[in-house]
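Engineer: Just the structure for this:
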Amino acid sequence: SSVSNVVSGGIFTIPLMKRTGYSGVKAGAIEAASSVNGQIMPPVMGAAAFLMVEYVGIPYSEIIRHAALPAVISYVALFYIVHLEALKYDLRPLTRERQPDWRERLIGWGLGLSGTTVVVAAVYYLILGVQALTGDLASWALALTTLVVYGVLMAYSARYPDIPVDDPQAPQVHLPLPWPTVRAGLHFFIPIVVLLWSLMVEELSPGLSAFWATVCTMAMVLLQPFMLSVFRPADHRPSRVAALRQGVADLWRGLVLGARNMIGIGVACASAGLIVGVITLTGMGLMMTDFVEMVSAGNVLVMLVLTAFICLIIGAGVPTTANYILVATLMAPVIVELGARSGLVIPLIGVHLFVFYFGIMADVTPPVGLASYAAAAISGDDPNATGWQATWYSLRTTILPFVFIFNPQLLLIGLQGWVDVVLVCAGSVIASLLFAAATMNWFRQRCRPLEVVALLLCTFLFFRPDWVVDRFYPKYVSAPASTLYAVADRLQADDWLVVGIAGEDLDGDPIVKTVALPLGEGSSGRERLRSGGVTFSQLGDEIEVANVKFGSRARKLGVEQGYKLVELKLPNPDRPSSHWVFLPAAWLAWLVWWRQGRRPA
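Structural biologist: I've put the predicted structure just below:
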């Protein structure tokens with residue numbers, strides 16, 4: 001959770017930031033903003049992300065892929081904010097125990113990157129090799145292999161003395177060398193490898209994956225003091241019996257602490273389950289569509305603002321997981337439905353990430369930002385001031401959900417080849433940096449009002465280049481519904497087919513929606529559509545939905561049996577790439593940079 005992230009990391013980072021010159025409010029706000037974003041960062045995201053597997057109907061590996069870029073650019077922008085704060089107040093970084101020159105840094109980066117690649121490849125092929133050699137006994141063989149690897153890493157770590165604990169009140173602190181710190185805790189990567197392998201390679205359920213990772217962690221906690229007593233020299237180790245007792249005591253304290261932390265989450269989720277059950281059984285969720293459409297007047301942007309506000313209000317009283325369950329059940333289908341009626345193709349994963357993002361933002365926003373309160377308790381400053389500062393720092397995160405709702409390329413959806421991937425990633429990173437500079441009112445030096453406006457305009461152009469191109473070229477061209485299977489034949493598995501469908505709502509009023517149908521595996525277009533969850537039938541000149549598989553992505557997108565296929569929407573072949581908009585945006589950003597460089601500081 002965000003609070004546990006603040007408490008565990010903030011006791012070290014907040015005093016360090018204060019000693020380098022940051023105020024208590026800013027140090028606490030930086031820690032709170034960083035800890036909250038920990039829940040959106042793959043590969044191990046917040047607990048609510050694991051529930052998306054059931055709500056969206058896609059594997060956790062796909063959720064990681066969609067969530068990766070927004071999380072990365074959010075942290076890049078936070079790093080830049082910290083840098084800009086240091087420039088504004090002329091703060092100096094901590095000195096190293098030994099300052100390496102540029103050659104040593106370059107060699108260190110190269111060895112670190114290549115070494116990480118080699119280790120990841122070695123772990124991957126080691127596990128595959130053990131599975132291939134042992135067959136049905138692979139589970140037992142992997143458990144034995146994990147135990148052996150753990151023993152080897154503990155033996156290596158035991159050769160060196162424990163790292164001294166930093167004193168937060170010390171007047172001067174030097175940055176420790178990286179490798180001695182890493183080698184003391186190499187064995188802590190084992191549970192993470194177990195969790196990621198179970199989730200992304202074996203594609204086990206989130207619950208079962210977490211179970212095996214927890215079992216691995218419990219075994220490590222139990223055995224760690226004993227292993228150190230075995231491998232440490234005789235004059236630096238406790239007795240074996242005392243080490244075993246310490247391991248049992250550590251495990252017991254961990255179980256007690258975990259149970260206490262789960263009490264609040266369990267009660268909140270149980271209460272949320274009652275509300276979800278009432279909404280589902282009474283049909284209240286279906287009426288929410290008409291209510292929100294009436295309040296927002298059919299405007300998707302207004303509807304998203306209302307949803308974000310609901311997430312913040314509910315998040316003030318319940319944990320992130322329960323908040324996600326409630327709002328995703330209430331509002332996610334409404335957003336998808338109203339977006340489809342407006343002709344906007346909104347990916348279901350985008351809506352759920354939208355709810356997830358604003359659910360965690362409730363942990364920093366006053367007056368009930370628990371993460372901000374925890375950070376303020378460590379920094380010794382005002383909680384409300386810390387919360388407002390953390391909220392200001394988190395603006396870079398709050399704009400991202402609105403961006404990827406209207407531009408799904410930020411979720412790596414609809415990209416054509418590696419060139420598109422590189423351009424989207426680069427443009428998004430630049431946009432986040434420019435937005436951070438605008439909100440901090442500092443680029444090369446303090447910004448003037450027109451420069452802030454220019455930076456915000458550049459941010460919009462880098463995030464939404466498609467909006468500019470849409471003004472001149474439509475995104476789709478219409479094709480007859482009769483060409484459905486011919487078009488589906490040309491597409492591949494995991495592609496999307498955008499169609500217009502027509503039907504009636506619960507009141508019998510006609511509705512027209514635009515949806516992106518997912519395609520599954522199959523040798524023909526008809527089979528790909530069927531494996532994607534929808535089957536069509538042709539009655540004369542009309543094509544209608546014959547069946548929608550229960551729980552499929554097509555059903556979650558609001559496709560119902562009996563809807564008629566009105567048209568196909570194919571990509572406009574005459575539409576230029578939206579990435580050309582990056583050129584004037586980059587020129588405008590460079591102009592602001594150049595003008596500030598010519599202005600006296």
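Engineer: quick one: the strands in the stretch 501-601 of the chain?
Structural biologist: Secondary structure of the stretch 501-601 of the chain by DSSP state E, counting those that start in this stretch: the strands cover 510-518, 534-539, 542-548, 564-571.
Engineer: Compare these and give me the one nearest residue 388.
Structural biologist: Taking C-beta to C-beta, strand 510-518 is the member of the strands of the stretch 501-601 of the chain nearest to residue 388, at 39.4 Å. (C-beta placed from N, C-alpha, C; glycine too.)
Engineer: Can you dump the C-alpha atoms of the host helix or strand of residue 143 in PDB for me?
Structural biologist: In this assignment (DSSP states H and E), residue 143 forms part of helix 138-158. Below are the C-alpha coordinates for helix 138-158, written out as PDB (Å, rounded to 0.1, in the frame of the first residue of the first chain):
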ATOM      1  CA  ALA A 138       9.500 -30.200 -12.300                       C
ATOM      2  CA  SER A 139       7.800 -28.600  -9.400                       C
ATOM      3  CA  TRP A 140       9.900 -30.500  -6.800                       C
ATOM      4  CA  ALA A 141      13.000 -30.000  -8.900                       C
ATOM      5  CA  LEU A 142      12.400 -26.300  -9.100                       C
ATOM      6  CA  ALA A 143      11.900 -26.100  -5.400                       C
ATOM      7  CA  LEU A 144      15.200 -27.900  -4.800                       C
ATOM      8  CA  THR A 145      16.900 -25.600  -7.300                       C
ATOM      9  CA  THR A 146      15.500 -22.500  -5.600                       C
ATOM     10  CA  LEU A 147      16.800 -23.800  -2.300                       C
ATOM     11  CA  VAL A 148      20.300 -24.400  -3.700                       C
ATOM     12  CA  VAL A 149      20.400 -20.900  -5.300                       C
ATOM     13  CA  TYR A 150      19.300 -19.400  -2.100                       C
ATOM     14  CA  GLY A 151      22.100 -21.200  -0.200                       C
ATOM     15  CA  VAL A 152      24.700 -20.100  -2.700                       C
ATOM     16  CA  LEU A 153      23.600 -16.400  -2.500                       C
ATOM     17  CA  MET A 154      23.500 -16.600   1.300                       C
ATOM     18  CA  ALA A 155      27.000 -18.100   1.400                       C
ATOM     19  CA  TYR A 156      28.200 -15.300  -0.900                       C
ATOM     20  CA  SER A 157      26.500 -12.600   1.200                       C
ATOM     21  CA  ALA A 158      27.900 -14.100   4.500                       C
END
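Engineer: Could you list the buried residues of that helix?
Structural biologist: Applying a neighbour-count criterion of 16 or more other C-beta atoms under 10 Å, one finds 141, 142, 145, 146, 149, 150, 153, 154, 157, 158 buried in helix 138-158.
Engineer: just checking, the first one touches residue 130?
Structural biologist: So the one you mean is residue 141. Yes: using C-beta atoms under 8 Å, residue 141 is in contact with residue 130, at 5.1 Å.
Engineer: quick one: least confident helix or strand in this structure?
Structural biologist: Across the helices and strands of the chain, mean confidence by mean pLDDT, DSSP states H and E is lowest for helix 284-296: a mean of 66.
Engineer: Which is the succeeding secondary structure element to that one?
Structural biologist: Downstream of helix 284-296, the next assigned helix or strand under DSSP H and E is helix 300-315.
Engineer: What helices and strands are in contact with that next one?
Structural biologist: For helix 300-315, the packing partners by 3 or more C-beta pairs under 8 Å, 6 or more residues apart in numbering; DSSP states H and E come out as helix 284-296, helix 320-341, helix 348-361, helix 395-406.
Engineer: Quick one: the helices in the stretch 451-600 of the chain, in order.
Structural biologist: Shown for the stretch 451-600 of the chain, the helices assigned by DSSP state H, counting those that start in this stretch span residues 465-470, 484-490, 525-531, 553-556, 582-598.
Engineer: If you average pLDDT over each of the ones you listed, which is lowest?
Structural biologist: Lowest mean pLDDT within the helices of the stretch 451-600 of the chain: helix 553-556, at a mean of 76.
Engineer: That helix packs against which elements?
Structural biologist: In terms of contacts (3+ C-beta pairs under 8 Å, 6+ apart), helix 553-556 is packed against helix 47-56, strand 510-518.
Engineer: circling back to that earlier point, can you lay out the helices and strands packed on helix 300-315 as JSON lines showing distance to residue 574?
Structural biologist: Output for the helices and strands packed on helix 300-315, formatted as JSON lines (distance: least, C-beta to C-beta, whole Å):
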{"stretch": "helix 284-296", "distance to residue 574": "33"}
{"stretch": "helix 320-341", "distance to residue 574": "25"}
{"stretch": "helix 348-361", "distance to residue 574": "27"}
{"stretch": "helix 395-406", "distance to residue 574": "22"}
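Engineer: among these, which is the most enclosed?
Structural biologist: Comparing these by mean neighbour count (mean count of other C-beta atoms under 10 Å), helix 348-361 comes out on top with a mean of 26.
Engineer: how about the CA coordinates for that one, as CSV?
Structural biologist: Output of helix 348-361 as CSV, limited to C-alpha atoms (Å, rounded to 0.1, in the frame of the first residue of the first chain):
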residue,chain,number,x,y,z
LEU,A,348,-11.7,-1.4,-21.5
ILE,A,349,-8.2,-1.7,-19.9
GLY,A,350,-7.9,2.1,-20.3
VAL,A,351,-11.1,2.7,-18.3
HIS,A,352,-10.0,0.4,-15.5
LEU,A,353,-6.5,2.0,-15.3
PHE,A,354,-8.3,5.4,-15.2
VAL,A,355,-10.2,4.2,-12.1
PHE,A,356,-7.1,2.7,-10.6
TYR,A,357,-5.0,5.8,-11.0
PHE,A,358,-7.5,8.1,-9.3
GLY,A,359,-8.2,5.6,-6.6
ILE,A,360,-4.5,5.8,-5.5
MET,A,361,-4.5,9.6,-5.8
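Engineer: related to what we said a few turns ago, could you dump the helices and strands packed on helix 553-556 into JSON lines and include mean neighbour count and mean pLDDT?
Structural biologist: Listed next are the helices and strands packed on helix 553-556 as JSON lines, based on neighbours: other C-beta atoms under 10 Å; pLDDT from 0 to 100:
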{"stretch": "helix 47-56", "mean neighbour count": "20", "mean pLDDT": "80"}
{"stretch": "strand 510-518", "mean neighbour count": "20", "mean pLDDT": "82"}
